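1. got a sequence here, can you build the structure:
(one chain, ligands or ions: 1)
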Amino acid sequence: MVDRKSSDSAPVLTDPAPMNNSRLGLHSSLHSPQGVVFSPGLFLTGSKKKTVALDDVRTSSWLDAMKSSSPTHRKLAKDSGTELVPTGADVAYCNWMLKYPSALASFEQITNHAKGKRLALFLDYDGTLSPIVDNPDSAFMSLAMRAAVRNVAKCFPTAIISGRSRDKVYEFVGLTNLYYAGSHGMDIMGPVRPTSNDQPHCTRSTDKQGKEVNLFQPASQFLPMIDEVFKSLVDITKEIKGAKVENNKFCVSVHYRNVDEKCWMKIAESVDKILKDYPRLRLTHGRKVLEVRPVLDWDKGKAVEFLLESLGLSDCDDVLPIYVGDDRTDEDAFKVLREGNRGYGILVSSAPKESHAFYSLRDPSEDAV
Ligand SMILES: O=P(O)(O)OC[C@H]1O[C@H](O[C@H]2O[C@H](CO)[C@@H](O)[C@H](O)[C@H]2O)[C@H](O)[C@@H](O)[C@@H]1O
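-> Predicted coordinates:
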């Protein structure tokens, strides 16, 4: 079992409230806070210097982040037959699209850039392939979306990279001709690589069709800890109406979408209380969800790089990776593609937000077009 109170353990890294002024501020999980250094391996190390006052600041900054997560904005009224009266939000969205043009409207530009290149497609699941719904167990993708993904995967290598457990996202998508990465990329089932035997955290396995695959699980030593923390989180939140804790194998989601906003502070305090005992776990914010995960230098961006390498597509000028995602965790992947002009990120969002993506789509129904 992992020693959860080891002396060289890292402090819990928390995300400050999102949407602060700086473009990079959005992406706080990338930053190593003071006192935290990246060790030669994947682990983040540092010293724990938290005070009670700092904890209060921390939980209230969590609350700010929770309040601004997944804002709801009305769609521009269309096809309703009524006269359109753009609101301030509509105008703001249109202005935002000048910076992040619609991927659909830019289709020709993208295909021109893709000429002579091999495409590789990376897709987030929730909020990208499936609409956001109240019950995480009912986040089904539409038949049209499944058909679109099936077709695209016949033409280009395609991978799903999700915060969900790999098994769960496979259950939702149900397509065999794809690669799957669960737990924010900490559980990747990819093609067998000639070098994979030498790679740490890689094992040979077989997929559900009996095909030989490469399994990359850099957080495997955290499994007992994650199971333990999952049980504690279920227990501590059981009296909070609407709270739901989801075990995503190498990370845990604490959902508050169905919790009365008056109780959000209680959710933040409960998670904070548990995490105090687990300095090797950290917290990130998603769409009305707090995500507890190992303090590892690994994210969806690293997963994209890993898969490109596994597919023999890294360091090739004739490869154009495209990543479609809606969430803050997808920013890691957008950033990897933007850096060095490697490919395009497409952000699915109905509200303006700062991003490392190049293009935008308003909602998942546009993805399947
Ligand atoms: O990386 P993703 O595939 O986008 O997964 C991120 C989280 O998605 C799920 O939660 C979100 O979608 C739910 C269903 O629409 C919604 O109810 C919830 O409020 C959203 O946060 C999933 O349940 C989480 O475990 C994932 O971490």
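
2. can you give me the helices in the chain?
-> Per DSSP state H, the chain carries helices over the ranges 52-68, 88-99, 107-114, 143-155, 166-173, 223-236, 264-275, 300-310, 331-338, 364-367.

3. can I get those helices in TSV including mean neighbour count, mean pLDDT and distance to the ligand?
-> All C-beta spots, glycine's among them, are computed from the backbone N, C-alpha and C. Listed next are the helices of the chain as TSV, based on neighbours: other Cβ atoms under 10 Å; pLDDT from 0 to 100; distance: least, Cβ to the nearest ligand atom, whole Å:
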stretch	mean neighbour count	mean pLDDT	distance to the ligand
helix 52-68	15	69	11
helix 88-99	13	91	21
helix 107-114	12	92	22
helix 143-155	14	96	13
helix 166-173	19	98	7
helix 223-236	18	98	12
helix 264-275	20	96	13
helix 300-310	23	96	7
helix 331-338	24	97	10
helix 364-367	18	74	10
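
4. if we compare those helices, which one ends up closest to residue 136?
-> Among the helices of the chain, the nearest to residue 136 by Cβ to Cβ is helix 166-173 (9.2 Å).

5. contact residues of the stretch 151-300 of the chain facing the ligand?
-> Within reach of the ligand by Cβ under 6 Å from any ligand atom, the stretch 151-300 of the chain has these residues: 162-164, 246, 248, 253, 255, 257, 286-289, 291.

6. distance to residue 125 for the helices of the chain - can I get that in a markdown table?
-> As requested, these are exported to a markdown table (distance: least, Cβ to Cβ, whole Å):
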| stretch | distance to residue 125 |
| --- | --- |
| helix 52-68 | 22 |
| helix 88-99 | 24 |
| helix 107-114 | 22 |
| helix 143-155 | 10 |
| helix 166-173 | 5 |
| helix 223-236 | 20 |
| helix 264-275 | 23 |
| helix 300-310 | 11 |
| helix 331-338 | 13 |
| helix 364-367 | 10 |
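
7. quick one: closest of those helices to residue 210.
-> helix 166-173 (15.1 Å).

8. shouldn't residue 174 be in contact with residue 146?
-> Yes. At 7.0 Å, residue 174 counts as touching residue 146 under the criterion of Cβ atoms under 8 Å.

9. residue 330 - how many residues pack around it?
-> 31 (other Cβ atoms under 10 Å).

10. what's the closest non-adjacent residue to it?
-> In space, residue 330 comes closest to residue 124 once its chain neighbours are excluded; the distance is 5.2 Å by Cβ to Cβ, 6 or more residues apart in numbering.

11. how close does residue 186 sit to residue 295?
-> Residue 186 is 12 Å from residue 295, where distance means Cβ to Cβ, to the nearest Å.

12. more neighbours: which of these two?
-> The residue with more neighbours, out of residue 186 and residue 295, is residue 186; 30 against 23, by other Cβ under 10 Å.

13. identify the residues contacting the more buried one.
-> 217, 218, 219, 250, 251, 293, 294, 296, 298 (Cβ atoms under 8 Å, 6 or more residues apart in numbering).

14. one more pass at 6 Å, please.
-> By Cβ atoms under 6 Å, 6 or more residues apart in numbering, the contact list for residue 186 reads 218, 219, 250, 298.

15. which pLDDT does the model give it?
-> pLDDT, residue 186: 98.

16. what distance do you get for it to the ligand?
-> Using Cβ to the nearest ligand atom, to the nearest Å, one gets 12 Å for the distance from residue 186 to the ligand.

17. next, give phi and psi for that residue.
-> Note on residue 186: its backbone torsions stand at phi -90, psi 10 [degrees, to the nearest 10].

18. now do the contacts for the residue most central in space within the chain.
-> Nearest to the geometric centre of the chain sits residue 329, at 3.4 Å (Cα atoms, centre = their mean). Listed by Cβ under 6 Å, 6+ apart, the contact partners of residue 329 are 184, 300.

19. how deep is the closest residue to residue 311 other than its chain neighbours tucked in, by neighbour count?
-> Leaving aside its chain neighbours, residue 311 sits nearest to residue 157 (5.2 Å; criterion: Cβ to Cβ, 6+ apart). Residue 157 has 23 neighbours, counted by other Cβ under 10 Å.

20. about what we covered before: need the residues of the stretch 151-300 of the chain next to the ligand in TSV (columns: neighbour count, distance to residue 309 and pLDDT).
-> Below are these laid out as TSV (neighbours: other Cβ atoms under 10 Å; distance: Cβ to Cβ, whole Å; pLDDT from 0 to 100):
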residue	neighbour count	distance to residue 309	pLDDT
162	30	20	98
163	27	22	98
164	25	23	98
246	20	30	98
248	25	24	98
253	20	28	98
255	22	33	98
257	17	36	97
286	22	27	94
287	16	30	95
288	16	34	97
289	21	30	97
291	25	26	97
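
21. please report how far the residue nearest to residue 311 lies from residue 312.
-> Distance, residue 157 to residue 312, using Cβ to Cβ: 10 Å.

22. kindly report the same for residue 274.
-> Distance, residue 274 to residue 312, using Cβ to Cβ: 42 Å.

23. now do residue 172
-> 28 Å.

24. ok so, going back, adding distance to residue 355, write the residues of the stretch 151-300 of the chain next to the ligand out as a markdown table.
-> Listed next are those as a markdown table, based on distance: Cβ to Cβ, whole Å:
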| residue | distance to residue 355 |
| --- | --- |
| 162 | 19 |
| 163 | 17 |
| 164 | 22 |
| 246 | 25 |
| 248 | 24 |
| 253 | 22 |
| 255 | 23 |
| 257 | 22 |
| 286 | 15 |
| 287 | 14 |
| 288 | 19 |
| 289 | 19 |
| 291 | 19 |
